[in-house]
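1. Okay, predicted coordinates and the sequence, questions at the end:
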Amino acid sequence: PKYDESFPARALARSLGVRNRVRRISPGEFWDAVPAVQYHMDEPLADAAAVALYFLNREAAKDVKVVLSGEGADELFGGYNIYRDPFTARWYDRLPPWLRAGLGAVAALLPPARGVNFLVRRGMSLEERYFGPTALFNEREKRRLLADYAGDGDPMFLTEAIWDATEGLDPVTRMQQVDLNLWLAGDILLKADKMTMAHSLELRVPLLDKELMGVAEQVPTKYLITDENTKYAFRQAAGRHLPKEWYDREKLGFPVPIKKWLREEKFYKYVRSVFERDYVSQFFDQDALLKMIDDNYAGKTDDRRKIWTVYSFLTWYDVYFVHDGEKPDVIAIASYFHFWFPAISVWVPSILVVLLIMGLNLVSVNLFGEMEFWFASIKVMAILAIIAVGVYMVLTGFTSSVSGHTASVANLWAYGGWFPKGVFGFFAGFQIALFAFVGIELIGTTAAEAKDPETSLPRAINTIPYRIVFFYVFALLAIMCITPWSDIDSQSSPFVNT
């Protein structure tokens, strides 16, 4: 599959005799983590791969404190597909520049198609073809979407100094120099550094060792890029240790299914609700912004990168300016506290939570562990209370003064029947709950410290089905008996609001 390399990774790990652990990220987990990612980035970054790195480093932090990464390989050894551009369609490049530019200008007036796109791209200079895809918004779009745009946002301004300084060098080397100075430093290393620090990991990048960089500078371009593939010399070096089907694999990158998700109702509505917030009008024309996401959802356009960029900025702004840079988990606690006690300012519970956690850590590690037990006990008691209250409301026929709904078992099937969104949706959601309740990592960790692991470990595993039924299924049934599923707001906690 396009977004899952776990199967070939597992096969390679098996052939090398190394350990491989797979962690799949659900769409809900991905979107839930975006505020935390923007918090740890410190500055807005619209690279969806940063979210995947966030989860990757969280998994790695369970076992190690220092990690190695391959950042710099593409920039030093010619790994990007754009580096092959000067060596493709050379027959067309022999045409006079004025003729290619004219054909490209005419083609730009036609609907996008394979041959048309070729003429448009080849009508540009290499510099324009290279920088073009990095400029998400053209000038017309900036004026339409931005609330106050002065017309001074030409991205070529950022690159022209480096590009001009490399005049006389071959095209690949010129592109490498720009990527080393801007892309590697401003995105690749930035997100790698921030996402490892988010989980207290130390990141080392051996390919950026100055001695190795010196070697890379001496490799002729013809050994970096060939007609068959990119990063040729690097792949040949890897061939000393890996089979051909592995070192010669096509470069995939880190694709994220943003396009697919933004055309699913759940995530479309969520991002749209962010675009509708009051503070958005400070920066954007909200009507134009909402039209962009509506057209994308309807399939009229493909603006996923633009939507993701705006959403990333607004999420970062929400974390650092609306919520004064508080960690998202603290924000959630403060929001619920404000929901229950609206007269108390949001910052009060935020400070209290931070002081409480810090105080517990300072006093004693044992005390912190003991408090974790009691917090977990509170959660269990809260779920039991929801189930008990739900049963009471159903038996007494409680009617909400806000929604007008009467608590009843019939609410489970009265709004679209069983599985109104299809059986597949139920099983897709249920497997997430299953893995959440399994907690294999926690069981494995605590088993080593248990007094009698031979008895406690099987008992913990055998009780998983009972815990899922009682604490997950029963809790959801209680909530949906009180409030029909169609009235539950996906952007707030039904446990809190119920």
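-> Received the coordinates, thanks.
2. what residue lies at the spatial centre of the chain?
-> For the chain, the residue sitting closest to the mean C-alpha position, by C-alpha atoms, centre = their mean, is residue 51 at 3.1 Å.
3. Any chance of the backbone angles for that residue?
-> phi -70, psi -40 (degrees, to the nearest 10).
4. So which residues of the stretch 351-498 of the chain form helices?
-> Along the stretch 351-498 of the chain, the stretches classed as helices by DSSP state H, counting those that start in this stretch are 365-396, 423-438, 440-447, 453-462, 464-467, 474-482, 494-497.
5. now the stretch 201-350 of the chain
-> Counting by DSSP H, counting those that start in this stretch, the helices of the stretch 201-350 of the chain are 210-218, 232-238, 244-247, 258-261, 265-275, 286-297, 304-317, 328-340, 347-363.
6. now the ones you listed as JSON lines including mean pLDDT?
-> Converted to JSON lines, the helices of the stretch 201-350 of the chain look like this (pLDDT from 0 to 100):
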{"stretch": "helix 210-218", "mean pLDDT": "91"}
{"stretch": "helix 232-238", "mean pLDDT": "92"}
{"stretch": "helix 244-247", "mean pLDDT": "87"}
{"stretch": "helix 258-261", "mean pLDDT": "93"}
{"stretch": "helix 265-275", "mean pLDDT": "92"}
{"stretch": "helix 286-297", "mean pLDDT": "95"}
{"stretch": "helix 304-317", "mean pLDDT": "94"}
{"stretch": "helix 328-340", "mean pLDDT": "62"}
{"stretch": "helix 347-363", "mean pLDDT": "71"}
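7. Highest mean neighbour count out of those?
-> Highest mean neighbour count among the helices of the stretch 201-350 of the chain (mean count of other C-beta atoms under 10 Å): helix 304-317, with a mean of 20. Just so you know, the C-beta spots here come from the backbone N, C-alpha and C atoms, and that holds for glycine as well.
8. what's in contact with it?
-> For helix 304-317, the external contacting residues (C-beta atoms under 8 Å, 6 or more residues apart in numbering) are 34-35, 38, 41, 43-46, 48, 136-137, 141, 145, 258-259, 262, 271, 274-275, 277, 279-280, 283-284, 289, 292-293, 296.
9. Only C-alpha atoms, please: export that helix in PDB.
-> Extracted as PDB, the C-alpha positions of helix 304-317 are listed here (Å, rounded to 0.1, in the frame of the first residue of the first chain):
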ATOM      1  CA  ARG A 304      -5.000  19.700   0.200                       C
ATOM      2  CA  ARG A 305      -1.500  21.100   0.600                       C
ATOM      3  CA  LYS A 306      -2.900  24.700   0.800                       C
ATOM      4  CA  ILE A 307      -5.500  23.600   3.300                       C
ATOM      5  CA  TRP A 308      -3.000  21.700   5.400                       C
ATOM      6  CA  THR A 309      -0.700  24.700   5.400                       C
ATOM      7  CA  VAL A 310      -3.400  27.100   6.600                       C
ATOM      8  CA  TYR A 311      -4.600  24.600   9.200                       C
ATOM      9  CA  SER A 312      -1.100  24.000  10.600                       C
ATOM     10  CA  PHE A 313      -0.600  27.800  11.000                       C
ATOM     11  CA  LEU A 314      -4.000  28.200  12.700                       C
ATOM     12  CA  THR A 315      -3.300  25.300  15.000                       C
ATOM     13  CA  TRP A 316       0.100  26.700  16.000                       C
ATOM     14  CA  TYR A 317      -1.500  30.100  16.600                       C
END
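10. Next, the angle from it to helix 265-275.
-> Orientation check (axes from the mean of the first three to the mean of the last three C-alpha atoms, to 10 degrees): helix 304-317 against helix 265-275 gives 50 degrees.
11. how close does residue 458 sit to residue 464?
-> As judged by C-beta to C-beta, to the nearest Å, residue 458 and residue 464 stand 11 Å apart.
12. oh sorry, the question was meant for residue 21
-> Separation of residue 21 from residue 464 (C-beta to C-beta): 20 Å.
13. do residue 53 as well
-> From residue 53 across to residue 464, the span is 30 Å (C-beta to C-beta).
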